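In: Prediction below, plus the sequence it came from.
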Amino acid sequence: MNFKKTVGILLGAVLIAGSISGCGGNKEASAPAKDKESKELDKITVQSLWLPQGQFAGLYVADKKGFYEEEGIDVEILPGGTDVSSEDQVENDVAQVGVAFYSSVLTYQEGGYDFINVFQTFKKSPQYLVTKAESGIKTGADLKGKKVGSWFGGRQYEFYALAQLNGLDPEKDIEWKQQDYTMDQFNSGELDAASAMSYNEYLLLLENGYSEDDLNVINMNKEGAALLEDCLFVKRSWAEENSDLLIRFLRATIKGWKYTSEHPDEAGQIVYDTGKSSSLEHQVAMTKKVIELVIPEDSDASKIGYPDEKSIQQTIDLGFNAGLIKNKIDIKDSVDTTYWEEAAK
């Protein structure tokens, strides 16, 4: 089943000694960055998921701080929106690199698109279901018979997986409601549980008068229902023909996210100055929350963007069980870590 995607710590040096076991064949090592004095910069266009915001801070920081230019690359980041598909943009060569949910990329891969995930930006799922404290709804098991809001368009499959893990029939035991991109339905009581991204809608609730004690959070990671979201993907054929360029791009991107984690206030300012899609305070708060997804407490801080095999397999398995995909895709056909490994050397 194909679908288009919808909206929306400090580190040590990123040095990997030797090669790390990956999912694809070996690629040749990258050459040094191009001499910008004598050679024209290579161009890469990146199709983002949404407007400039903290969710994509590492990319904008890498661009603003000159990390891409240091690698001999001129990067253009195209803003996304509800009417833009990163997958279609990459397929049609409008962009060489796309930002998308890995769960969404899986559906395109199943549909015959020759995409590979080369950089898993988020290591954890940001998707919450939030309820009011007085509701008593605290876990997936409490959702039976409740009115639950979803943005659909692919976002529903984590919730379907959550229901299944708690012995519920997603189609019969839960009353699903189309949720808009505000939290008005939650505020009015139209929804018993509402979708909220940890880095956006949940923060908006806190910014608009709720305290953490006023809310219950059903966290997909804690419930074992997490599907991986933001990643960077490319056409396999483009990667093979432009391996050195891709490696240099990933090296600068790793550096961008590393800098973001060390300077979240500055990173939030950079994103705000780029798009001004919301307040500076919200962009800084979003950036700090996103860092928790890029470098979770239980992850190896030297492996920014490295796809974790266990989480990848969980996304494939839960996605298959919940009806996201009809066939289980082999990891080696879906993810290629060898470009990342060369970039991290």
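Out: Right, received. Where do you want to start?
In: G209: how many residues sit nearby?
Out: 8 (other CB atoms under 10 Å). Where C-beta positions appear, they are placed from N, C-alpha and C, glycine not excepted.
In: what helix or strand is it on?
Out: Assigned by DSSP states H and E, G209 falls within no helix or strand.
In: Which elements pack onto the helix ranked longest in the chain?
Out: If you go by DSSP state H, the chain has its longest helix at helix 243-262. Packing contacts for helix 243-262, counted by 3 or more CB pairs under 8 Å, 6 or more residues apart in numbering; DSSP states H and E, involve strand 42-47, helix 57-64, helix 67-70, strand 73-78, strand 115-119, strand 230-235, helix 280-294, helix 338-343.
In: Sheet partners, orientation included, of the fourth one?
Out: As defined by DSSP bridges, the strand partners of strand 73-78 come to strand 42-47 (parallel).
In: Enumerate the positions of the strand it pairs with that are buried.
Out: For strand 42-47, burial by neighbour count (16 or more other CB atoms under 10 Å) applies to 42, 44-47.
In: now stretch 250-264
Out: 250-261, 264.
In: can you check stretch 286-296 too?
Out: Buried positions in stretch 286-296, judged by neighbour count with 16+ other CB under 10 Å: 286-296.
In: Can you give the contact residues for it?
Out: Applying CB atoms under 8 Å, 6 or more residues apart in numbering, the contact partners of stretch 286-296 are 9, 11, 53-55, 57-58, 121-124, 126, 198-200, 203, 230, 257, 260-261, 264, 267-268, 271, 301, 304-305.
In: Give me the buried subset of those residues.
Out: The buried subset of the contacts of stretch 286-296 (16+ other CB under 10 Å) comprises 11, 53-55, 57-58, 121-124, 126, 198-200, 203, 230, 257, 260-261, 264, 267-268, 271, 301, 304-305.
In: distance of A194 from Q179?
Out: Remark: distance between A194 and Q179 (CB to CB, to the nearest Å) = 6 Å.
In: Show me what the most centrally placed residue in the chain is bridged to.
Out: The centroid of the chain falls nearest to D230 when counting by CA atoms, centre = their mean (1.4 Å). On the basis of DSSP bridges, D230 is bridged to F101.
In: Quick check, L41 in contact with G66.
Out: No. Using CB atoms under 8 Å, L41 is not in contact with G66, being 11.4 Å away.
In: Tell me where the stretch 1-150 of the chain has helices.
Out: Here the stretch 1-150 of the chain has its helices, by DSSP state H, counting those that start in this stretch, at 57-64, 67-70, 86-91, 102-110.
In: Let me have these in JSON lines, adding distance to G167 and mean pLDDT as columns.
Out: JSON lines is the format used below for those (distance: least, CB to CB, whole Å; pLDDT from 0 to 100):
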{"stretch": "helix 57-64", "distance to G167": "39", "mean pLDDT": "98"}
{"stretch": "helix 67-70", "distance to G167": "48", "mean pLDDT": "98"}
{"stretch": "helix 86-91", "distance to G167": "34", "mean pLDDT": "98"}
{"stretch": "helix 102-110", "distance to G167": "23", "mean pLDDT": "98"}
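In: what about D169, how many residues close to it?
Out: Using other CB under 10 Å, D169 is surrounded by 11 other residues.
In: contacting residues around it?
Out: D169 sits next to A163 when contact means CB under 8 Å, 6+ apart.
In: which SSE is it in?
Out: Per DSSP H and E: D169 is located in neither a helix nor a strand.
In: distance of it from L78?
Out: 40 Å.
In: wait, doesn't L324 sit right on G154?
Out: Yes. With contact defined as CB under 8 Å, L324 counts as touching G154 (7.5 Å).
In: Identify the contacts common to the two.
Out: Residues touching both L324 and G154 (CB under 8 Å, 6+ apart) are 103, 107.
In: Now do E241: how many residues are near it, please.
Out: When neighbours are counted by other CB under 10 Å, E241 registers 10.
In: again, but for D63
Out: Look at D63: counted by other CB under 10 Å, it has 22 neighbours.
In: Please report the distance of it from P52.
Out: 11 Å.
In: can you check Q313 too?
Out: Distance of Q313 to P52, given as CB to CB: 32 Å.
In: residues in contact with T260?
Out: Per CB under 8 Å, 6+ apart, neighbours of T260: 57-58, 61, 267, 287, 291, 294.
In: any low-confidence regions in the stretch 101-250 of the chain?
Out: For the stretch 101-250 of the chain, no stretch has pLDDT under 70.
In: quick one: the strands in it?
Out: Secondary structure of the stretch 101-250 of the chain by DSSP state E, counting those that start in this stretch: the strands cover 115-119, 127-132, 147-150, 175-178, 194-197, 215-219, 230-235.
In: Quick one: closest of these to S103.
Out: strand 230-235 (9.4 Å; CB to CB).
In: Okay, angle between that closest one and helix 280-294 too, please.
Out: 70 degrees (axes from the mean of the first three to the mean of the last three CA atoms, to 10 degrees).
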